[in-house]
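Visitor: Predicted coordinates and the sequence they were generated for:
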12 protein chains.
Amino acid sequence: MAQNFEIVERVGVSSVSVSDAIKSAVFGAGKERPVAWFEVTRQRGCVTDNGDLEYQVTVKVGRKLG
Amino acid sequence: MAQNFEIVERVGVSSVSVSDAIKSAVFGAGKERPVAWFEVTRQRGCVTDNGDLEYQVTVKVGRKLG
Amino acid sequence: MAQNFEIVERVGVSSVSVSDAIKSAVFGAGKERPVAWFEVTRQRGCVTDNGDLEYQVTVKVGRKLG
Amino acid sequence: MAQNFEIVERVGVSSVSVSDAIKSAVFGAGKERPVAWFEVTRQRGCVTDNGDLEYQVTVKVGRKLG
Amino acid sequence: MAQNFEIVERVGVSSVSVSDAIKSAVFGAGKERPVAWFEVTRQRGCVTDNGDLEYQVTVKVGRKLG
Amino acid sequence: MAQNFEIVERVGVSSVSVSDAIKSAVFGAGKERPVAWFEVTRQRGCVTDNGDLEYQVTVKVGRKLG
Amino acid sequence: MAQNFEIVERVGVSSVSVSDAIKSAVFGAGKERPVAWFEVTRQRGCVTDNGDLEYQVTVKVGRKLG
Amino acid sequence: MAQNFEIVERVGVSSVSVSDAIKSAVFGAGKERPVAWFEVTRQRGCVTDNGDLEYQVTVKVGRKLG
Amino acid sequence: MAQNFEIVERVGVSSVSVSDAIKSAVFGAGKERPVAWFEVTRQRGCVTDNGDLEYQVTVKVGRKLG
Amino acid sequence: MAQNFEIVERVGVSSVSVSDAIKSAVFGAGKERPVAWFEVTRQRGCVTDNGDLEYQVTVKVGRKLG
Amino acid sequence: MAQNFEIVERVGVSSVSVSDAIKSAVFGAGKERPVAWFEVTRQRGCVTDNGDLEYQVTVKVGRKLG
Amino acid sequence: MAQNFEIVERVGVSSVSVSDAIKSAVFGAGKERPVAWFEVTRQRGCVTDNGDLEYQVTVKVGRKLG
């Protein structure tokens, strides 16, 4: 029987770059279960107290079940 | 290293008001892990047998990951 | 055979609150046929001449067909 | 008590212009009940046998309920 | 003068298949007026008490006006 | 000649209710120019330090231009 | 360094045609700052007291920043 | 007090049909907690090495919380 | 066996009107293969050097495959 | 260097079922170039002269480029 | 009383990277008023005369009002 | 007469960064016809066997027609 997947939604945070925030979210989600794919769904951020940008990137992560 | 977040989706139910349904969803999600933010994504409902409205509000809840 | 439903779209108007506008739309649609469920799809409004808010809430209403 | 509205969806057809198709849909909907507002939601069309364009414009029409 | 169309929204219900639910919605809408086209806009469902799936498919149906 | 409108986007904040946050956004926007209409486009919020909800409601506000 | 742009949202009103309403919105926005591009995002309207259509077209206008 | 629901997102996989993939996702999600409703949100797939279609259907599943 | 269709996306450009830009896109796409239908998906434009509007209308065009 | 993909949009037509229409679109697109994945983006249809349903399913098809 | 926010829409331009275009838009918007948050809503670009990419990133910027 | 454009959809793949995947898609599309503009419409990816991220970025590319 074919295997199913679950999709979990994570927000990766990074003060370096958008790509770094994506990696943080995906690798975090991969600690619990192997990641099959991911999709970026929202890119937000804020300005920190010392004037830098903090990237907050929402990522949907597909993980193989059982 | 910056902390990441998970987003979980809940439906709060209330026969009182939309705000009450939001609170129910958010406080329920907060029992397991502290809530950082929430976003209302759908407002539905039905008419109960005694003719009142029951509000069913879908809320995405962001929670800080350990 | 399973029963089908129709979906009609109504705009409830209220100067009291969003919930009151929802009720107005749903109960109005229920006069003609029993309401099975409803969904809020748009929340607009205007400022009346005496400076109060008037809420105009669009609601899709599902009704069971005979 | 404030009056409610119904929203009906019509497709106006015209071989002249998009505006003409909008008018056709709105005036048609207005024959049954006074039109309060309208909103264009889709613009499609086809090429007729003699090579002209036929415009098919979907319009949501708000009408005041008795 | 070109003929206009109305679009009505129906939910077809079936415990057999998605296609069966579509048919139910379209043929139901066709009893009142000839159907020109249809479009599937939402596919939901529930699990019945004996563990089967019930498909509830929302269909927009275009019908030619008089 | 017909008058045009501008649309500005505001976020109203309230710890009382969604309606209160809407009012805050609309009345704030109305201090600079008369408000013709408003539309709610997003409802977010957070949990404050003492455990209450803070509602942050995004509202698009239409204002008549001179 | 590359120049940035601002996007402002305007509603042009015309009793003549959709194109006329677009022009009204774009030229109005251009009085304050040169217009780089525009995008039509919503087409609404109403029926005036003497039975004509009034077009209300929402336009996002991109303007080059100093 | 009214009970709340959680919504989880699953991808059901089947080489037979779309309906089969839906069933796989819904019944999989039901092993952990009773399913109240489901909604199909995306239908993708691929071509397998022997030239057949594999359906990958994303389903949001609502489950009643204890 | 039923015939399939392809959908191609074109941008028609005109300094006259939106309808003229639609025609330009549809007739251009029809030179290669007969057009079955079209749908307008985006309306943009710019201001030319002599102060006129240039309409850039995106159209999806359905064409019957051999 | 990694290989890129193109996405083409096709409408499969079938009087049998939605799945049959998907297959028709995907296999048609695969005659020119190997199909990597597909995604269903719209499900429409019409009623044929003898009262049956004809399914018209829009599918985006990803194909590996040389 | 709680403070409100305004949301302004900016397009940042950069020939270096997407992140650089985001920074340009956010820091530009921050010259007039402190930035509370930002959200990326569209990523476009063009090819310059010497064959490089120019990134044009639309960013919605939230700024605290007086 | 004004020139028209076609829009083609490509997926650029890169194990380096999102920007690199965009470049790959745009430059690939430019080999056949000059690129006028591009727009990023989806950002996905997967985890490769050695644990790195592979970015798969969907780009719509506008190209001037002869």
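Guide: Good, I have the coordinates. Numbers count the residues shown, from 1 in each chain, chains lettered A, B, ... in the order given.
Visitor: got the end-to-end distance for stretch A:37-56?
Guide: 19 Å (CA to CA, to the nearest Å).
Visitor: hmm, it touching chain H?
Guide: No: judged by CB under 8 Å from any CB of the partner chain, stretch A:37-56 stays clear of chain H, getting no closer than 9.7 Å. No exception for glycine: its C-beta is placed from N, CA and C like everyone else's.
Visitor: Need the three-state assignment for A:Gln56.
Guide: At A:Gln56 the chain is in strand, as set by DSSP: H, G, I helix; E, B strand; the rest coil.
Visitor: Look at it and report its pLDDT.
Guide: pLDDT recorded at A:Gln56 is 97.
Visitor: Equivalent analysis for A:Ala2, please.
Guide: 62.
Visitor: do A:Ser14 as well
Guide: Taking A:Ser14 on its own, its pLDDT is 95.
Visitor: I'd assumed A:Ser24 was in contact with it.
Guide: Yes: applying CB atoms under 8 Å, one finds A:Ser14 in contact with A:Ser24, separated by 5.7 Å.
Visitor: For A:Leu53, list each beta-bridge partner.
Guide: According to DSSP bridges, A:Val47 are recorded as the beta-bridge partners of A:Leu53.
Visitor: That one is in contact with A:Ser15, isn't it?
Guide: Yes: between A:Leu53 and A:Ser15 there is a contact under CB under 8 Å: 7.1 Å.
Visitor: in chain A, which spans are helices?
Guide: Ranges of helices in chain A, per DSSP state H, are A:18-30.
Visitor: Could you pick out the residues of it near chain K for me?
Guide: Proximity of chain A to chain K, by CB under 8 Å from any CB, involves residues A:Ser17, A:Val18, A:Arg42, A:Gln43, A:Arg44, A:Gly45, A:Cys46, A:Val47, A:Leu53, A:Tyr55.
Visitor: my guess is the fifth one contacts A:Gln56, does it?
Guide: It stands for A:Arg44. Yes: between A:Arg44 and A:Gln56 there is a contact at 4.7 Å, judged by CB under 8 Å.
Visitor: who has more neighbours, these two?
Guide: A:Gln56 (23 against 18; other CB atoms under 10 Å in any protein chain shown).
Visitor: okay but that one is in contact with A:Val47, surely?
Guide: No: A:Gln56 lies out of contact with A:Val47 (CB under 8 Å); the separation is 11.9 Å.
Visitor: Relative to chain E, which residue of chain A is the closest?
Guide: A:Asn4 (15.5 Å; CB to the nearest CB).
Visitor: Burial check on the residue nearest to A:Val61 when sequence neighbours are not counted, number of neighbours?
Guide: Residue nearest to A:Val61 in three dimensions, not counting chain neighbours: A:Ala29, with 4.2 Å by CB to CB, 6 or more residues apart in numbering or on different chains. Using other CB under 10 Å, A:Ala29 has 25 other residues around it.
Visitor: What of A:Lys31?
Guide: By other CB under 10 Å, the burial measure for A:Lys31, its neighbour count, is 7.
Visitor: again, but for A:Ala21
Guide: Quick note: A:Ala21 (other CB under 10 Å) scores 27 neighbours.
Visitor: list the contacts for A:Val11?
Guide: A:Ala25, A:Gln56, A:Val57, A:Thr58, A:Val59, B:Asn4, B:Phe5, B:Glu6, B:Ile7, B:Gly62 (CB atoms under 8 Å, 6 or more residues apart in numbering or on different chains).
Visitor: and the gap between the second one and A:Ser19?
Guide: Distance from A:Gln56 to A:Ser19, counting by CB to CB, to the nearest Å: 14 Å.
Visitor: same question, the fifth one
Guide: Between A:Val59 and A:Ser19 the distance is 12 Å, computed by CB to CB.
Visitor: Please identify the buried residues of stretch A:22-37?
Guide: A:Ile22, A:Lys23, A:Ser24, A:Ala25, A:Val26, A:Gly28, A:Ala29, A:Gly30, A:Val35, A:Ala36, A:Trp37 (16 or more other CB atoms under 10 Å in any protein chain shown).
Visitor: before we move on, what about stretch A:35-53?
Guide: A:Val35, A:Ala36, A:Trp37, A:Phe38, A:Glu39, A:Val40, A:Gln43, A:Arg44, A:Gly45, A:Cys46, A:Val47, A:Leu53.
Visitor: can you tell me which two in those are farthest apart?
Guide: A:Ala36 and A:Val47 (34.8 Å; CB to CB).
Visitor: contacting residues for A:Ile22?
Guide: Per CB under 8 Å, 6+ apart, neighbours of A:Ile22: A:Gly12, A:Phe38, A:Val40, A:Val57, A:Val59, L:Val18, L:Gly45, L:Leu53.
Visitor: does the second one have beta-bridge partners, and which?
Guide: Pointing back at A:Phe38 there. Beta-bridge partners of A:Phe38, as defined by DSSP bridges: A:Val61, L:Gly45.
Visitor: Which of the residues of chain A next to chain K lies at the shortest distance from J:Gly66?
Guide: A:Val18 (30.3 Å).
Visitor: need the contact list for the residue in chain A that chain G sits nearest to.
Guide: Nearest residue of chain A to chain G (CB to the nearest CB) works out as A:Leu53 at 15.4 Å. A:Leu53 makes contact with A:Ser15, A:Gly45, A:Cys46, A:Val47, K:Ile22, K:Lys23, K:Val26, according to CB under 8 Å, 6+ apart.
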